[in-house]
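S.K.: output the structure for:
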Amino acid sequence: MTEVERPVLTAMMNRATYPEGQRDLAAADAAEKTLAQPLGVLDGALAGTPICSATISRRRSQRRQHPRLGAPGAHRHGAFPKGRPSG
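M.R.: Prediction:
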């Protein structure tokens, strides 16, 4: 993890976080090139494994409902009670 931490932060800061006038696109490009090797190893290790879609959808279906918010999902934010709770 520490091998990719600095390049990820460098790319993120120079692509999105810093104000446009302070961004160093050359540093972001260099950081992304540095990430190619370690992320390539990760891609190779995960190639052909159904780790993402099956695991995520299974976990989503197993989540418990929050007593005030209801079922998980984007629509749940409309379930907040109006006003302050009593007690």
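S.K.: and the longest helix for this structure?
M.R.: In the chain, taking DSSP state H as the definition, the longest helix is helix 25-46.
S.K.: and Asp24, its phi and psi?
M.R.: The phi and psi torsions at Asp24 (degrees, to the nearest 10) take the values phi -110, psi 100.
S.K.: tell me, how many residues neighbour it?
M.R.: The tally of other residues near Asp24 (other CB atoms under 10 Å) stands at 14. (Each C-beta comes from the backbone N, C-alpha and C, glycine too.)
S.K.: what pLDDT does the model give it?
M.R.: The model reports Asp24 with a pLDDT of 97.
S.K.: distance-wise, check it relative to Leu9.
M.R.: 13 Å (CB to CB, to the nearest Å).
S.K.: go on, Gln37?
M.R.: Distance of Gln37 to Leu9, given as CB to CB: 17 Å.
S.K.: which residues are contacting the one helix or strand Arg6 maps to?
M.R.: Per DSSP states H and E: Arg6 is located in helix 2-12. Residues from elsewhere that reach helix 2-12, judged by CB atoms under 8 Å, 6 or more residues apart in numbering: 27-28, 30-32, 34-35, 38-39.
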